[in-house]
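Enquirer: Fold the stuff below for me.
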Amino acid sequence: MLGRIFCQRFLPAGSKVQNSAFLFPPLPGQDSSLRWNGQKYEELPIVHIKATYNNTHVQVTDHAGCSLLRTSCGTEGFKNAKKGTAIAAQTAAISAASKAINKGLSFVRVLVKGLGPGRMSAVKGLAMGGLQVVSITDNTPIPHNGCRPRKARRI
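Expert: Numbers count the residues shown, from 1 in each chain. Okay, the predicted model is just below:
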C-alpha cells in the first residue's frame, strides 16, 4: 500500500497506476511476476565462469548446483600461454552455450569469479552462442588485508 501511495504522489498528473509490482522490486518472501520460459529467477540455471590468469573455466549448473556441463580453454584445444587469452575464453563460452542449448537451456544467470583476461569475453561468448543472459554477478574473492607478508630481505 505504501508503494502505491508513493507512486501516485510522484507520477505525472493523469497517469494511472494499475499494479505497483512493476515499479518496485518484490520484497524478500514475496512472489515475483517475472518469468523466463515459465521459470522464476531462483530456478534459472547458473553459468559459473572462473577467469584466472592462465585459463578460463565455464561450468553450467542447475539452480541447485548440480553440474550439467563444463568446458575450459584447454579442452577447446588451446595450449600453454594461449589458454589465458580473451579469444580462448570466448571460444570456450561459445562451446558451452551451444552444449547448453542442445540440453534445452535458453535463459541463464552468470556468476563471474576471478580477474583474468577472459572474464568479459566469456560473458560475451555466452550471448554470441545463443544464450539469453538474465543477470551477471561478480563473485570475485577480495582479501580484507589477507595473509601476513614475508619478512623483508636483507642484503
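
Enquirer: For Pro141, see how far away Gln30 is.
Expert: 31 Å (CB to CB, to the nearest Å). Every residue, glycine included, has its C-beta placed from N, CA and C.

Enquirer: go on, Met120?
Expert: According to CB to CB, Met120 and Pro141 sit 18 Å apart.

Enquirer: Check Lys40 too.
Expert: Distance of Lys40 to Pro141, given as CB to CB: 28 Å.

Enquirer: Give me the more crowded residue out of these two.
Expert: A direct count of neighbours by other CB atoms under 10 Å for Lys40 and Pro141 places Lys40 higher, at 13 against 6.

Enquirer: Leaving out sequence neighbours, find the closest residue to that one.
Expert: Ser32 (6.8 Å; CB to CB, 6 or more residues apart in numbering).

Enquirer: now do Thr137
Expert: Nearest residue to Thr137 in three dimensions, chain neighbours excluded: Leu111, at 5.1 Å (CB to CB, 6+ apart).

Enquirer: Need the residues that contact the helix or strand that the one you found is a member of.
Expert: Assessed by DSSP states H and E, Leu111 sits inside strand 107-113. Among residues not part of strand 107-113, those counted as contacts by CB atoms under 8 Å, 6 or more residues apart in numbering are 36-37, 39, 41, 44-51, 60, 100, 119, 122-123, 126, 131-141.

Enquirer: So what touches the very next helix or strand once past it?
Expert: Using DSSP H and E, the helix or strand that follows strand 107-113 in sequence is helix 119-128. Identification of contacts with helix 119-128 by CB under 8 Å, 6+ apart yields 47, 49, 51, 56, 58, 86-87, 89-94, 96-97, 108, 110, 112, 133, 136.

Enquirer: Off-centre distance for helix 119-128?
Expert: Relative to the centre of its chain, helix 119-128 is centred 10 Å away, using CA atoms, centre = their mean, to the nearest Å.

Enquirer: One more: stretch 126-142?
Expert: 3 Å.

Enquirer: So what would you say the end-to-end distance of that stretch is?
Expert: This stretch, stretch 126-142, spans 25 Å end to end (CA to CA, to the nearest Å).
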